[in-house]
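Undergrad: Mind folding the following:
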Amino acid sequence: MELLKKWTDCYIEAGCDEVGRGCLSGPVVAAAVIIDDTFEQNLINDSKKLNFKTRQELDMYIKENVKCYAIAELPPEFIDQHNILNASIHAMHNALDKLTIKPEFILVDGNRFHPYNYIPHLCIVQGDSKMLSIAAASILAKNYRDKLMINLHEEHPEYGWDTNFGYATKKHQEALIKHGPTKYHRQSFRLKYD
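TA: I've put the predicted structure just below:
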């Protein structure tokens, strides 16, 4: 199914998505993207449906061909203090803050969002498989976070972050049993396994 470029023809729209909500370690990352009517890329889809290589190839195309984009991250300490839902929404707000063009309408992947600067918004469940701007944001956020977790893997290779990216895989759980959590783990998440 072809993704929609616009929800409405009346406003400058920004699509927002986040990645890393379910991870045991690392930041939550959000991206915001404003595309225009000339943007063409049939391969763009929900980042979870694309393989690593395809996402990397699309990353530069998105960055070079959208009107503007921004990426923001919030660390585990913020997540532990404010909970993952609020941290995810706050990361999206931070990404919107960084856009060089002010949006007039915000499209958000999912079903929860907090009002942002009196700009109307619409939550769309599975929006990353329906709206092009949200799908582009999901790709940028996932690529950014994956790269970050691969770099952190160099510091703590025992957790397998270069392949699980902080999610609760068997290898990650076994490493937590053996080594305990790092400063990159979210202390408010379940980190004890047996």
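
Undergrad: and Asp37, helix, strand or coil?
TA: Asp37 carries the three-state label coil when classified by DSSP: H, G, I helix; E, B strand; the rest coil.

Undergrad: what's the residue nearest to it when sequence neighbours are not counted in contact with, if anything?
TA: The shortest distance from Asp37 to any non-neighbouring residue, by C-beta to C-beta, 6 or more residues apart in numbering, is to Lys5 (6.5 Å). C-beta: built from backbone N, CA, C; applies to glycine. Residues touching Lys5, when contacts are defined by C-beta atoms under 8 Å, 6 or more residues apart in numbering, comprise 35, 37, 39, 132-133.

Undergrad: Identify, from those residues, the entry nearest to Gly22.
TA: Distances from Gly22 to those, taken as C-beta to C-beta, are shortest for Ser133 (23.1 Å).

Undergrad: Quick one: neighbours of that closest one, just the number.
TA: Using other C-beta atoms under 10 Å, the number of residues around Ser133 comes to 31.

Undergrad: same check, this time on Leu132
TA: For Leu132, the neighbour count with other C-beta under 10 Å is 25.

Undergrad: So which elements touch the longest helix seen in the chain?
TA: Longest helix in the chain by number of residues (criterion: DSSP state H): helix 132-155. Under the contact definition 3 or more C-beta pairs under 8 Å, 6 or more residues apart in numbering; DSSP states H and E, helix 132-155 sits against strand 13-19, strand 28-34, helix 52-65, strand 68-74, strand 105-109, helix 161-164.

Undergrad: got the buried residues for the longest one?
TA: What it means is helix 52-65. Of the residues in helix 52-65, those with enough neighbours to count as buried (16 or more other C-beta atoms under 10 Å) are 55, 58-59, 61-62.

Undergrad: One more: stretch 112-120?
TA: Along stretch 112-120, these residues count as buried under the neighbour rule (16+ other C-beta under 10 Å): 113, 116.

Undergrad: what about it, how long is it end to end?
TA: Across its full length, stretch 112-120 reaches 14 Å end to end, with C-alpha to C-alpha, to the nearest Å as the criterion.

Undergrad: Please apply the same query to stretch 172-187.
TA: Across stretch 172-187, the straight-line distance between its terminal residues is 15 Å, by C-alpha to C-alpha.

Undergrad: And stretch 19-32, by the same measure?
TA: The first and last residues of stretch 19-32 sit 12 Å apart, counting by C-alpha to C-alpha.

Undergrad: Alright, calling it a day.
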